[in-house]
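Asks: sequence and predicted structure below; questions after.
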Amino acid sequence: MKNTRISLFLVLPAIIISFAFFLLPIVQLFKVSVVEGNGISYWNILTQPMYLKSLLSTVGLSTFVTFVSLVIATITGLFLTRYEFWGKQVLIAMLSFPLAFPGVVIGFFVIMLAGRQGLFAQIGLALVGERWMFAYSMAGLFLGYLYFSIPRVVLTVMGAAEKLDQNLIEAGRSLGASRWQIFCDVTVPTLRPGLISSGSICFATSMGAFGTAFTLATNINVLPMTIYTEFTLNANFAMAAALSLILGLVTWVCLGIAKRQGAASVGMGG
Amino acid sequence: MKKDKYFYMQLLFTLAVCSFLIVPVVMSAVAGVTNNYFVGIKSGFTLRWVEQVWMLYSDTIWLTMKIALATTMINVIVGVPCAYVMASSKSRWVSVFDELLTLPIAIPGMAISLGIISVYGGFSDFRSSWFFILIGHVIFTLPFMVKSVLAVLQSFNFKVLEEGAASLGASFWRRFFDVIIPNCKAGIVAGMLMTLTLSIGEFNLTWMLHTPLTKTLPVGLADSYASMRFEVSSAYTLIFLCLILPLLVLAQMLNNKKVQNN
Amino acid sequence: MTDKTNSVEITLKNITKTFSDGTLALKPTDLTIKAEEILVLLGPSGCGKTTTLRLIAGLEFADSNGGSINFGDKNVTELPIEKRKVGMVFQSYALFPNMNVSENIVYGLKVRGIDTAVIDHKLAEMLKMFDLEKYAKRGVHQLSGGQRQRVALARAIITEPDVLLLDEPLSALDALLKARLRGDIRTLLKSLGITAVYVTHDQEEAMAMGDRIAVLDHGEIAQIGSAKEIYLQPKNAFVADFIGQMNRFEGNVIDAQLVLNTGKKIPLSSEALASSNANETLSMMLRPEDIRLTKVTDEQHALTGIVSSSVFLGDRTRVTLEKVQKEGKVIVDCFQRIEYPSGQIVALSFESKHLIPLQG
Ligand SMILES: Nc1ncnc2c1ncn2[C@@H]1O[C@H](COP(=O)(O)OP(=O)(O)O)[C@@H](O)[C@H]1O
Ligand SMILES: [Mg+2]
């Protein structure tokens, strides 16, 4: 009896904060999104090309970024777990370090690479006498999203690759399987839970990436920018609320998938 | 593993990936101390831009630190007891609350901040104070703190330690402060570092929650990217990097120590 | 499948393996494994059994000091495992967790792009042979240890390899199953007529399994021969101690007898005498089951000891004696049902031809 009371006392501040500053706001957001015009916002999202296009292009971009990150991270992650060599720890540190960079800064880094005075512009100038600039286009956004996705996925792949059973690979080889066949039949199945979970996290992060988009996507309609514009410029709070709830739902589902895969891969150990 | 041609192909690829991540960081660090980036390094190095950033934006740096420290303090006070209860209670409400608590990680900052504005935006004194940003940061970082402590608590049988202390006559609070807290210190420290790093770099929520008088460092950064010269933006970014780099190194060291202990 | 494969002779010439960290896992070794022979590599953990097996498999490569490995006439020293046509059975079985029993078994055929009709036919044959028909579609997680073992074997032999390599294939199983399976495996290997190398650290398994046994000690072959040779004529103390129990007597040769440090005497056979000089210090070994005990009342007899303990083991009683020599004990296996209480004085007798002289 006394124990329950102490427990409640200990957890109460967290409950209050969670309810007051998270649950209540989200519920309110939902109310705002449906009260106005009986949920007309949701109808508009489906019927007005501007919103639908924004939603679809965000999904498309995020999918593509996820796919490319997974490919890159699989190659790099496998490499870094498979071989021992001098300077390996430095490479791993380099790959994990950008995890802590906020989206705005990553946006700036893309400008560094592909802006007017960026690296690519200078290379292009030197090679063909013409500045290569794409920081403020879909390609720039893609580069930025890739930047924050790679570290997440690489670290997960490395964790999964460490569990790779060397004997399985040797068994495959003894049966005459080629490098590629072993990769498909042994390596990828072992990595699969890690790839799915880090892939969903990567997708969710890309969907909701506001900072990078804010720096680069002044002319591109990705979902976070659409929400921002609706809220600030058009003062259409209902629409902003509806869009951000849809966005939240998508990312929540993705992270649910990630969590499930994480749990499944732990359970498989037995 | 033998180092054949595949090794060198993959090494090359990995080096390319690493340079994609690191080159812009180095470029912006260099640009921040270059006299004229148009001309290049040959224009000479200077701290002029850093000074200019300091003059223009030093208040954002102070505010960021204030918010980060306050967030961390709240997280420790609120998160540690919460993690303890979640680790020791078997009630099914715990898993429900766990889901609610971690939801802010899953839901984009935009949605959370819009929600907070829709509920509390009307209280103009609150809206224009830095506390408005603080609550956003707490909501966003608290789950990381709780998870970090929870991971440590679940890695050893703290119940036995507690019962041991109880058998020696220690009251609940003595046990909590003498047994529980010292034993999950590693988790608390890791959670604090995480909170500091996240809070210092938080933009998605903060941009929506800030007012012209409550600008944090990332908000200032976005501002400078849009309106300042290249060198100033770079110098500002450099300051930001200097601020979070020690935290990252510390976290890495802590992690290595943990791996060694295992 | 039942028709004999074209099995090959394996020859290792001057093969050495040093790992990159400097560990010398295999000292320069010559070894010939005859076609259709089952050779067992036996030795304690870390003696280099797995390393030798992996060298034969092509999973490791020998130091480049002119050594060579031949499969028949073919020099395979530089060939990786994919090109050697070897089947492998791993200690952990290494079954692919993402495939079911059938998929695991046919994997080696599938990667060779063999016709599905042929694959199906061979699969059916394997499932039948290994009594796995009921489990064809099961995931490998749902199998017992013995079933997994059989899947691993089926997978290794379905491709009809020239050589089958097994690394402690039974060590993960319980004792009863182990005893049954080693008989099954031997019968199978013999019916396939395949050249096989079998690694184990269990001497009983080695003796039951192998045509010949190679005992490894710290990266070199201490002795190679049939089970009988190894048991009855161990070349050195290591082999003698590793295989079965052994008593060791040490003393000086005086008047055609070995005089121990307690003054007790052991009569020597004429062969032993022929190969030794008078007054020379000599070590002799004797198996526990070769000694007979007689209860006596005093220590007047030439060779006596005092019972320190006796343990009933079912088929025999293991009696431990002291005071035969100044230090060490003597172990005797008695097959008669006679009680030997502690403190009982006993006389030891044996045929002197059972004494094994020890070199080195
Ligand atoms: N990859 C390796 N690198 C370094 N040393 C190794 C490696 N594999 C085995 N060894 C060493 O070689 C010796 C023989 O090992 P191994 O052949 O596995 O022994 P066994 O199978 O008889 O137990 C051991 O001392 C072991 O530590
Ligand atoms: Mg071994």
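Replies: Here it is on my side, so go on. Numbering: from 1, shown residues only, chains lettered A, B, ... in the order given. Ligands and ions are numbered 1, 2, ... in the order given.
Asks: just the element for residue 117, please.
Replies: Chain wasn't specified; assuming chain A. Per DSSP states H and E, A:Gln117 falls between elements, in no helix or strand.
Asks: looking at chain C here, not the other one
Replies: Here C:Ala117 is assigned to helix C:116-129, by DSSP H and E.
Asks: right, quick check: the following helix or strand past that helix against chain A, any contact?
Replies: Toward the C-terminus, helix C:116-129 is succeeded by helix C:145-157 as the next helix or strand (DSSP H and E). Yes - contact of helix C:145-157 with chain A (C-beta under 8 Å from any C-beta of the partner chain) involves C:Arg155, C:Ala156. The way it works is simple: take the backbone N, C-alpha and C, and place the C-beta from them, glycine included.
Asks: who does helix C:145-157 touch, helix- and strand-wise?
Replies: strand C:86-89, helix C:101-110, helix C:116-129, helix C:175-192 (3 or more C-beta pairs under 8 Å, 6 or more residues apart in numbering or on different chains; DSSP states H and E).
Asks: tell me which of those approaches ligand 1 most closely.
Replies: Closest to ligand 1 of these, according to C-beta to the nearest ligand atom: strand C:86-89, at 14.0 Å.
Asks: below-threshold pLDDT in the chain: ranges please.
Replies: All of this is about chain A. A:1-2, A:37, A:262-270 (pLDDT under 70).
Asks: actually, chain C is the one I wanted.
Replies: Looking at chain C by pLDDT under 70, you get C:1-6, C:299, C:301, C:359-360.
Asks: could you list the buried residues of stretch B:51-61?
Replies: B:Gln52, B:Val53, B:Tyr57, B:Thr60, B:Ile61 (16 or more other C-beta atoms under 10 Å in any protein chain shown).
Asks: about what we covered before: to C:Glu205, which of the helices and strands packed on helix C:145-157 lies closest?
Replies: Smallest distance to C:Glu205 across the helices and strands packed on helix C:145-157 (C-beta to C-beta): 5.5 Å, for helix C:175-192.
Asks: just the buried residues of the closest one, please?
Replies: Result for helix C:175-192 [16+ other C-beta under 10 Å]: buried residues C:Lys178, C:Leu181, C:Arg182, C:Ile185, C:Arg186, C:Leu188, C:Leu189, C:Leu192.
Asks: burial measure for C:Met126, as a count.
Replies: 24 (other C-beta atoms under 10 Å in any protein chain shown).
Asks: my read: it touches C:Leu132, true?
Replies: Yes - using C-beta atoms under 8 Å, C:Met126 is in contact with C:Leu132, at 7.5 Å.
Asks: give me the common contacts of these two.
Replies: C:Ile105, C:Ala154 (C-beta atoms under 8 Å, 6 or more residues apart in numbering or on different chains).
Asks: mind checking the SS state of the nearest residue in space to B:Thr34 that is not next to it in sequence?
Replies: The shortest distance from B:Thr34 to any non-neighbouring residue, by C-beta to C-beta, 6 or more residues apart in numbering or on different chains, is to B:Ile41 (5.9 Å). Using DSSP: H, G, I helix; E, B strand; the rest coil, the structure places B:Ile41 in strand.
Asks: B:Ile41 contacts B:Met27, doesn't it?
Replies: No - with contact defined as C-beta under 8 Å, B:Ile41 does not count as touching B:Met27 (10.9 Å).
Asks: which residues in the stretch 251-360 of chain C form helices?
Replies: C:270-274 (DSSP state H, counting those that start in this stretch).
Asks: actually the stretch 51-200 of chain A, sorry about that
Replies: A:88-96, A:103-114, A:119-128, A:138-162, A:166-174, A:179-182, A:188-208.
Asks: is chain B contacted by the fifth one?
Replies: Pointing back at helix A:166-174 there. No - if you take C-beta under 8 Å from any C-beta as the test, helix A:166-174 misses chain B, and the best it gets is 9.8 Å.
Asks: so where is chain B shaky, pLDDT-wise?
Replies: B:1-2, B:259-262.
Asks: what does it have sitting close to ligand 1?
Replies: Neighbours of ligand 1 within chain B, by C-beta under 6 Å from any ligand atom: none found.
Asks: now the helices and strands packed on helix C:145-157 as JSON lines including distance to ligand 1?
Replies: Output for the helices and strands packed on helix C:145-157, formatted as JSON lines (distance: least, C-beta to the nearest ligand atom, whole Å):
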{"stretch": "strand C:86-89", "distance to ligand 1": "14"}
{"stretch": "helix C:101-110", "distance to ligand 1": "24"}
{"stretch": "helix C:116-129", "distance to ligand 1": "28"}
{"stretch": "helix C:175-192", "distance to ligand 1": "18"}
